[in-house]
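> compute the structure for the input listed below.
(one chain, ligands or ions: 1)
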Amino acid sequence: TRHLLGIKDISPEDIQLIFETADNFKEVLNRPIKKVPSLRDITIANIFFENSTRTRLSFELAEKRLSADVVNFSSSTSSVKKGETLIDTVNNILSMKVDMVVMRHSSPGAPHFLARNITANIVNAGDGTHEHPTQALLDAFSIREKLGDVAGKKIAIIGDILHSRVALSNIFCLQKLGAEVMVCGPTTLIPKHTVSLGVKVEHDVEKALQWCDVANVLRIQLERQQIKYFPSLREYSLYFGINKKMLDRLDKEIVIMHPGPINRGVELNSDVADSEHSIILQQVENGVAVRMAVLYLLAGVK
Ligand code: CP
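Residues are numbered from 1 along each chain as shown. Purely as a prediction, here's the structure:
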């Protein structure tokens, strides 16, 4: 495929190839000279219509480590504010001889729409509540690194499943790699169709923690909520927030993940986020190698 639009579209073999390529790039990133010439003839535009810290910087660093030329576009400071359409915006950027587009957009399906209308390779850096494929890849890569394999592991995704593109991409990715997946959260934040994806559903966070090898904890996305759902942040934190006392009650090892940004004291207390159980910053570190692998593999496909 010329694009990475979602994990739904790629095979377990594609994911393994991305991981093996990322292993090589991770080794490169640990060398004193962290750069390779692989994409020196390629120009990449990072087009962000939604806020981002990790994903935008991680893609930019991945591109620079691969020696690509990079331009960054943020909708808030662009002519989108004057009414320019998505297709016009991207076609104007592509006229400047850009080869690949990394795009984040608030509308589910925006990169798929773009893929039908432009010629460049596209990487989805998050489309609304739909998919965030490179986040799922770096999450699964981090589980593989920490536990040796993803197959056979039990992963609980805990939090706002309804509004989360990270949850959907993680479910697809972890299942393709042979993991068992559970989602956990209040009924109002778990969509009814989740069961049809073949995941377990749990509403008791302590039971979810007891079941899983890895807890991937997600943020409550107030900015996406059209109406005010139960629970409030205070209620969520009271009933679903994960703290050290809960982990101390478990009679086993557990790995804690979070894609960021963390709402400290809501879904995760600092005594867990900053503990030895957490691999949150390793996820961010691995994101650069995984994105290098994705860009490198796509650049070879025209
Ligand atoms: N994990 C993630 O997508 O973070 P940003 O929104 O900061 O990119």
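
> which ones are touching the closest residue to residue 187 other than its chain neighbours?
Spatially, and ignoring its direct neighbours in sequence, residue 187 is nearest to residue 203 (6.4 Å; CB to CB, 6 or more residues apart in numbering). Bear in mind the C-beta positions are built from the backbone N, C-alpha and C, glycine included. By CB atoms under 8 Å, 6 or more residues apart in numbering, the residues touching residue 203 are 184-187.

> for residue 198, same thing?
By CB under 8 Å, 6+ apart, the neighbours of residue 198 are 175, 181.

> the same query, at a cut-off of 7 Å, please.
Contact analysis of residue 198 by CB atoms under 7 Å, 6 or more residues apart in numbering lists residue 175.

> cool, residue 148 as well?
Per CB under 7 Å, 6+ apart, neighbours of residue 148: none.

> now do it against the ligand, distance only.
Separation of residue 148 from the ligand (CB to the nearest ligand atom, to the nearest Å): 24 Å.

> tell me which parts of the stretch 1-150 of the chain are close to the ligand?
Within the stretch 1-150 of the chain, the positions near the ligand by CB under 6 Å from any ligand atom are 52-55, 126, 135.

> could you rerun that using 8 Å?
Neighbours of the ligand within the stretch 1-150 of the chain, by CB under 8 Å from any ligand atom: 50-56, 58, 104, 125-126, 132, 135.

> quick one: which of these sit in helices?
Judged by DSSP state H, helices contain the following of those: 54-56, 58, 135.

> can you say which of those residues are buried?
For these, a neighbour count by 16 or more other CB atoms under 10 Å gives the buried set as 55-56, 58, 135.

> which of these lies closest to the ligand?
The shortest approach to the ligand among these belongs to residue 55, at 3.2 Å (CB to the nearest ligand atom).

> so for the closest one, what's the nearest residue that isn't a sequence neighbour?
Residue nearest to residue 55 in three dimensions, not counting chain neighbours: residue 125, with 5.0 Å by CB to CB, 6+ apart.

> tally of neighbours for the one you found?
Residue 125 sits with 27 neighbouring residues when counted by other CB atoms under 10 Å.

> show me the contacts for it.
Residues near residue 125 by CB under 7 Å, 6+ apart: 55, 59, 102-104, 134.

> ok, residue 182 next?
156, 199-200, 202, 208, 211-212.

> export these to TSV and tack on distance to the ligand and pLDDT?
Output for those, formatted as TSV (distance: CB to the nearest ligand atom, whole Å; pLDDT from 0 to 100):
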residue	distance to the ligand	pLDDT
156	18	98
199	21	97
200	24	97
202	23	97
208	21	98
211	24	98
212	20	98
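
> in the protein, which spans are strands?
Taking DSSP state E as the test, the strands found in the chain are 43-48, 69-74, 100-105, 121-127, 154-158, 180-184, 200-202, 214-217, 255-257.

> list the buried residues for the second one?
For strand 69-74, burial by neighbour count (16+ other CB under 10 Å) applies to 69-70, 73-74.

> mind splitting the protein into its structural domains?
Listed domain ranges for the chain are 7-132+284-299, 133-283 (source: automatic domain parsing).

> show the end-to-end separation of the longest one, please.
Going back to what we said before, that points to domain 133-283. The first residue of domain 133-283 is 14 Å away from its last residue (CA to CA, to the nearest Å).

> and the shortest one, by the same measure?
One end of domain 7-132+284-299 sits 18 Å from the other (CA to CA).

> next one: stretch 199-215
First-to-last distance for stretch 199-215 - CA to CA - comes to 14 Å.

> pull out the buried residues from it.
199-200, 202, 205, 208-215.

> can I get the CA coordinates of stretch 185-196 in PDB?
The C-alpha trace of stretch 185-196 is given here as PDB (Å, rounded to 0.1, in the frame of the first residue of the first chain):
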ATOM      1  CA  GLY A 185     -14.500   2.300  31.400                       C
ATOM      2  CA  PRO A 186     -18.000   3.700  32.300                       C
ATOM      3  CA  THR A 187     -20.800   2.400  30.200                       C
ATOM      4  CA  THR A 188     -21.300   5.900  28.700                       C
ATOM      5  CA  LEU A 189     -17.700   5.900  27.300                       C
ATOM      6  CA  ILE A 190     -17.800   2.400  25.700                       C
ATOM      7  CA  PRO A 191     -19.600   2.300  22.400                       C
ATOM      8  CA  LYS A 192     -22.100  -0.600  22.000                       C
ATOM      9  CA  HIS A 193     -20.400  -1.900  18.800                       C
ATOM     10  CA  THR A 194     -17.100  -2.600  20.700                       C
ATOM     11  CA  VAL A 195     -18.300  -6.100  21.600                       C
ATOM     12  CA  SER A 196     -18.500  -6.900  17.900                       C
END
